[in-house]
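> Structure for this input, please:
(one chain, ligands or ions: 1)
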Amino acid sequence: MWPFVMRRKQLSVLTLGDPRLRLAAQPVENIDDRLQQLINNLLWTAEKANGVGIAAPQVGESLQLFIVASYPNLRYPHAPRMQPTPMINPRIMAHSDEQVIGWEGCLSVPDQRGQVDRWREIEVEYRDLHGHLKRQVFTDFVARIFQHELDHLQGTVFVDHVDDPVTLLTDAEYFAQLDSMPVIAGPSEQA
Ligand SMILES: [Zn+2]
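Predicted coordinates:
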């Protein structure tokens, strides 16, 4: 924690149709007090919304910054429970040939779930809160969250990747059908 960050605020999340969700976000130049405050608010907003991730453009801040906050869930009981991690100026450096299809939801697309192909494994780079360069490999659920959030930095939303709109479900239908879904269809917490 930073002594100068005393407040944290739940931010309102933009929803599909807001043109700000379609902008390409700018690289973060300075990790200053204002950015730390934004990160604090994003962490709090994701937690309050039970999100496994959130990107700055979702709260109207056009910056290359997101939070990844995986935890075990119904679809992915073995997902790692990780300390929610802010990732600044994130990039994918390499990825597996293999793609996997899985369910996604989004805090900016309320009450919709859809199936999206993602790389199963990715090697990524980002700056942490202290500006240190991190290089990590993520697989499966965390790799999916990362790719979903990275899309937000490019003005892309998961519904853009849903090849077959017939697969779109409301939350109520998603949970009603959960038990009968093939295991291959992965996690679907919102991000
Ligand atoms: Zn999202």
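> Please count neighbours and contacts with C-alpha atoms only from this point.
OK.
> tell me which strands and helices whichever helix or strand residue 102 is part of is in contact with?
Using DSSP states H and E, residue 102 sits in strand 99-106. Helices and strands touching strand 99-106, by 3 or more C-alpha pairs under 8 Å, 6 or more residues apart in numbering; DSSP states H and E, are strand 109-119.
> re earlier: just the buried positions in the strand holding residue 102, please.
For strand 99-106, a neighbour-count test (16 or more other C-alpha atoms under 10 Å) marks 100, 101, 102, 103, 104, 105, 106 as buried.
> Near the ion, which residues of the chain? Just list them.
Within the chain, the positions adjacent to the ion are 106, 191 by C-alpha under 5 Å from the ion.
> which stretches of the chain form helices?
33-48, 140-153, 171-177 (DSSP state H).
> mind listing what whichever residue of the chain sits closest to the ion touches?
Nearest to the ion, among the residues of the chain, is residue 106, at 3.8 Å (C-alpha to the ion). Going by C-alpha atoms under 8 Å, 6 or more residues apart in numbering, residue 106 touches 112, 113, 158, 189, 190, 191.
> quick one: which of those residues is most hemmed in?
residue 191 (29 neighbours; other C-alpha atoms under 10 Å).
> ok so, going back, export the helices of the chain to a markdown table and tack on mean neighbour count and mean pLDDT?
Shown next, in a markdown table, are the helices of the chain (neighbours: other C-alpha atoms under 10 Å; pLDDT from 0 to 100):
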| stretch | mean neighbour count | mean pLDDT |
| --- | --- | --- |
| helix 33-48 | 19 | 94 |
| helix 140-153 | 24 | 96 |
| helix 171-177 | 13 | 87 |
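> can you redo those as a markdown table with distance to residue 89?
A markdown table is the format used below for those (distance: least, C-alpha to C-alpha, whole Å):
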| stretch | distance to residue 89 |
| --- | --- |
| helix 33-48 | 13 |
| helix 140-153 | 9 |
| helix 171-177 | 31 |
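> picking up where we left off before, please name the bridge partners of the residue of the chain closest to the ion.
Per DSSP bridges, residues listed as beta-bridge partners of residue 106: residue 109.
> what bits of this protein have low per-residue confidence?
Scanning the chain for pLDDT under 70 picks out 1-6, 74-75, 182-188.
> excluding its backbone neighbours, what's nearest residue 126?
residue 90 (4.2 Å; C-alpha to C-alpha, 6 or more residues apart in numbering).
> quick one: that neighbour and residue 122 touch, right?
No - Residue 90 is beyond contact range of residue 122, at 12.0 Å (criterion: C-alpha atoms under 8 Å).
> Identify the contacts common to the two.
Applying C-alpha under 8 Å, 6+ apart, one finds that no residue jointly contacts residue 90 and residue 122.
> For stretch 107-124, output the C-alpha coordinates as PDB.
Written as PDB, here are the backbone C-alpha positions of stretch 107-124 (Å, rounded to 0.1, in the frame of the first residue of the first chain):
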ATOM      1  CA  LEU A 107     -18.500  -6.400 -16.800                       C
ATOM      2  CA  SER A 108     -19.100  -4.100 -19.800                       C
ATOM      3  CA  VAL A 109     -21.500  -6.600 -21.500                       C
ATOM      4  CA  PRO A 110     -24.000  -7.300 -18.700                       C
ATOM      5  CA  ASP A 111     -26.000 -10.500 -18.800                       C
ATOM      6  CA  GLN A 112     -24.200 -12.100 -21.800                       C
ATOM      7  CA  ARG A 113     -22.000 -15.100 -22.100                       C
ATOM      8  CA  GLY A 114     -20.400 -16.200 -25.300                       C
ATOM      9  CA  GLN A 115     -17.800 -18.700 -26.600                       C
ATOM     10  CA  VAL A 116     -14.400 -17.300 -27.700                       C
ATOM     11  CA  ASP A 117     -11.200 -18.900 -29.000                       C
ATOM     12  CA  ARG A 118      -8.000 -17.900 -27.200                       C
ATOM     13  CA  TRP A 119      -4.400 -19.000 -27.200                       C
ATOM     14  CA  ARG A 120      -4.000 -21.700 -24.500                       C
ATOM     15  CA  GLU A 121      -0.600 -20.500 -23.400                       C
ATOM     16  CA  ILE A 122       1.000 -17.000 -23.700                       C
ATOM     17  CA  GLU A 123       4.300 -15.400 -22.700                       C
ATOM     18  CA  VAL A 124       3.700 -11.800 -21.700                       C
END
